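> I'll drop the sequence and a predicted model, then ask my questions.
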Amino acid sequence: MTVTPELFSATAVKYRNGELYVEGASLGNIADAVGTPVYVYSQEMLKNQYRKLDAALGSLPHQLHYAVKANSTLAVLKTFAELGAGFDIVSGGELSRVLAAGGNPDSVVFSGVGKSVEEIDFALKTGIECFNVESNSELIRISQRAEVLGKIAPIALRINPNVDPKTHPYISTGLKENKFGILQEAALGLYQQADADPNLHVRGVACHIGSQISAPEPLFDALDQLLSLIDQLADREIQLTDIDLGGGFGVTYQDEASFDIDAWGDRVVEHLGPRGLTVSIEPGRFLTANAGVLLTRVEYLKPSGGPAQANESHADEGKNFAIVDAAMNDLLRPSLYQAWHGVLAVQEHSSSDTRCWDLVGPICESGDWLAKNRMLSLAEGDLLAILSAGAYGSSLSSNYNTRNRAAEVMVSGDGFRVVRRRESLQDQLSTEIL
Ligand SMILES: Cc1ncc(COP(=O)(O)O)c(C=O)c1O
């Protein structure tokens, strides 16, 4: 097998009679019906991941706010909305998506460092649950817009606890050097300012220190800081009711253990049990990553004497390239973060001609690759599944090289349906004026 047993058991795919399935739907049939590249999601797995997180917080009063940025496809949002999820948004566009998917605005928290006047007005008129405020200037702007609109804006301050989440630097958000959140030193003063402001309702405190976090310690360091801030505020007669612990729970992409959500939940319950705070979390990747795959077809094989072993250090001997019909515009994570995604043949081969391949896309960039140094037995026309593609896959896709964005399919049981049709060239050209 070209992927580890840990990954194989973490993903939504399973082999049946030599063919890869998501739930009861054959990936070969989906590709025949919809074409490639196509994202395929398991609705059952989306739901199961949600239920796991929900159960981890046990009897604490809590609300899950799904981080829309991880995968903002309406059918994914609707799946979570139907389970009672709230949503964590970072733009007015994401708020529109939540509303279109049937999400409840009362359970929407609005994060992000650059909320525009239009976005703040939209959120105030919609009546969201809370603005997670990231600077003094933003606090002032929200207060002014609330006054103009005759509303009272519910707010939490997003604290930057200066904690290292020990993850990739591009997805680390809780260090002083990151643009996110308000430093502890400034927080007390800002809370006092907000508490005295009749246009604001101070509800809580929030933090999100990064993504793909594997060990819980940094999360608890941040939690301790939030609790100490809550105590200092209580001494000043500012009583917070909500605590938002952010997202960031890591998943298995290769052989890493998935974040131990039950152990984490037990510790959170212990920390917060007697305080009576409503706990919120903002998970994205944990809910969607391993529920999705990207299906792609091999267009051309371009062997050039690459080694028979998977070994980076033999790169000067030549490389074997498999040029597939998905590219960095469909799945940016490998190019952006050198992320590793498992690759499986949709139809298992018994061929003995296994070689070391780089899977690359058709885009005119050397950085356009999806996987490197994989021992695979490949033929032109083969269908491949890129695993763990349900988070930061379709939502990070683009039209680079004027490529149409991929179709998306939701599987439920034995059935599947297209939940985003493949983009057309007409869709792309329709916004432009000569
Ligand atoms: C404010 C905020 N909340 C939640 C998330 C979700 O993170 P993850 O997908 O790692 O759970 C992010 C992502 O970076 C974020 O910026």
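Alright, I've got the coordinates.
> What values do phi and psi take at R374?
Reported as degrees, to the nearest 10, the phi and psi values for R374 are phi -110, psi 130.
> The residue nearest to S394 when sequence neighbours are not counted: neighbour count?
Here the nearest residue to S394 in space, its sequence neighbours aside, is Y39; by CB to CB, 6 or more residues apart in numbering that works out to 5.2 Å. Placement of C-beta: from N, CA and C, glycine included. Neighbourhood size, Y39 [other CB atoms under 10 Å]: 28.
> Got phi/psi on Y39?
phi -90, psi 140.
> which parts of this structure sit against the ligand?
67, 69-70, 88, 111, 173, 208, 211, 246-249, 282-286, 391 (CB under 6 Å from any ligand atom).
> Just list the residues touching the residue most central in space within the chain, thanks.
Computing the C-alpha centroid of the chain and ranking residues by CA atoms, centre = their mean puts A70 first, at 2.5 Å. Residues near A70 by CB atoms under 8 Å, 6 or more residues apart in numbering: 284-285, 287-289, 391-392, 395.
> Can you pick out the ones from the residues of the chain next to the ligand that are in strands?
67, 88 (DSSP state E).
> So which elements touch the lengthiest strand in the chain?
Secondary structure of the chain read by DSSP E shows that its longest strand is strand 292-303. In terms of contacts (3 or more CB pairs under 8 Å, 6 or more residues apart in numbering; DSSP states H and E), strand 292-303 is packed against helix 27-34, strand 38-42, strand 320-324, strand 383-386.
> Low-confidence regions, the chain specifically.
The chain contains residues with pLDDT under 70 at 1, 170-172, 306-317, 350-352.
> Which single one of the contacts of A70 is nearest to I30?
Taking CB to CB as the measure, I30 lies nearest T288 of the contacts of A70, at 18.0 Å.
> and the residue of the stretch 301-434 of the chain nearest the ligand?
Using CB to the nearest ligand atom, the closest approach of the stretch 301-434 of the chain to the ligand is made by A391 at 6.0 Å.
> How about the contacts made by that residue?
Neighbours of A391 in contact, by CB under 8 Å, 6+ apart: 70-71, 251, 284-285, 287-289, 292.
> again, only using 7 Å
For A391, the contacting residues are 70-71, 284-285, 288-289, by CB atoms under 7 Å, 6 or more residues apart in numbering.
> can you check D221 too?
Here D221 is in contact with 161, 163 (CB under 7 Å, 6+ apart).
> if I've got this straight, it is in a strand?
No - under DSSP: H, G, I helix; E, B strand; the rest coil, D221 sits outside any strand and is assigned helix.
> just to revisit the earlier point, next, count neighbours for the residue lying closest to the residue nearest to the centre of the chain once chain neighbours are set aside.
Of all residues not flanking A70 in the chain, G284 sits nearest, at 2.9 Å (CB to CB, 6+ apart). Neighbourhood size, G284 [other CB under 10 Å]: 23.
> wait, isn't I182 in contact with R158?
Yes - between I182 and R158 there is a contact at 6.5 Å, judged by CB atoms under 7 Å.
> Please enumerate the strands of the stretch 101-250 of the chain.
108-110, 130-133, 153-160, 182-183, 200-206, 242-244 (DSSP state E, counting those that start in this stretch).
> and the second one, what other elements does it pack with?
Looking back up the chat, that one is strand 130-133. strand 108-110, helix 136-149, strand 153-160, strand 200-206 (3 or more CB pairs under 7 Å, 6 or more residues apart in numbering; DSSP states H and E).
> Quick one: closest of those to A379.
strand 108-110 (48.1 Å).
> ok, back up a step: which one of the helices and strands packed on strand 130-133 lies nearest to F416?
Across the helices and strands packed on strand 130-133, closest to F416 is strand 108-110 (CB to CB), at 29.3 Å.
> re earlier: for the residue nearest to A70, give me its contacts.
Neighbours of G284 in contact, by CB under 7 Å, 6+ apart: 66-67, 69-70, 247, 391.
> want to throw the residues you listed into TSV with distance to L344?
Rendered in TSV, the data for the contacts of G284 read as follows (distance: CB to CB, whole Å):
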residue	distance to L344
Y66	27
A67	27
K69	27
A70	22
G247	27
A391	18
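> what's the closest of the residues you listed to L425?
Of the contacts of G284, the one sitting nearest to L425 (CB to CB) turns out to be K69, at 26.8 Å.
> pretty sure that closest one contacts V90?
Yes - counting by CB under 7 Å, K69 does reach V90; the two are 5.8 Å apart.
> So for these two, which sits in the more crowded spot?
When K69 and V90 are compared for neighbours, K69 comes out ahead with 22 against 19, by other CB under 10 Å.
> Give me the distance between the more buried one and A406.
18 Å (CB to CB, to the nearest Å).
> before we move on, back to that, quick one, which of the helices and strands packed on strand 292-303 gets closest to D54.
strand 38-42 (17.9 Å).
> what comes into contact with the closest one?
Contacts for strand 38-42 (CB under 7 Å, 6+ apart): 12, 22-23, 27, 30-31, 76, 291-295, 389-390, 393-394, 406-411.
> Regarding D255, what is its secondary structure?
Applying three-state DSSP: D255 is coil.
> Closest one to F259 out of the contacts of G284, please.
G247 (10.5 Å).
> The closest one against H208, yeah?
Yes - between G247 and H208 there is a contact under CB under 7 Å: 6.1 Å.
> Which residue is the nearest non-sequential neighbour of R97?
S72 (5.3 Å).
> can you pull the contacts of that neighbour?
So S72 contacts 94, 97, 395 (CB under 7 Å, 6+ apart).
> Now for the residues you listed, which sits with the most neighbours around it?
Busiest of those [other CB under 10 Å] is E94, holding 23 neighbours.
> my read is it is in a helix, agree?
Yes - counting by three-state DSSP, E94 is part of a helix.
> Between G247 and H208, which contacts overlap?
By CB under 7 Å, 6+ apart, the residues touching both G247 and H208 are E282.
> OK, contacts around L200?
So L200 contacts 143, 146, 152-153, 155, 194 (CB under 7 Å, 6+ apart).
> Same check on H208?
With CB under 7 Å, 6+ apart, H208 has these contacts: 173-174, 246-248, 282.
> 8 Å - rerun?
So H208 contacts 111, 158, 173-174, 180-181, 244, 246-248, 282 (CB under 8 Å, 6+ apart).
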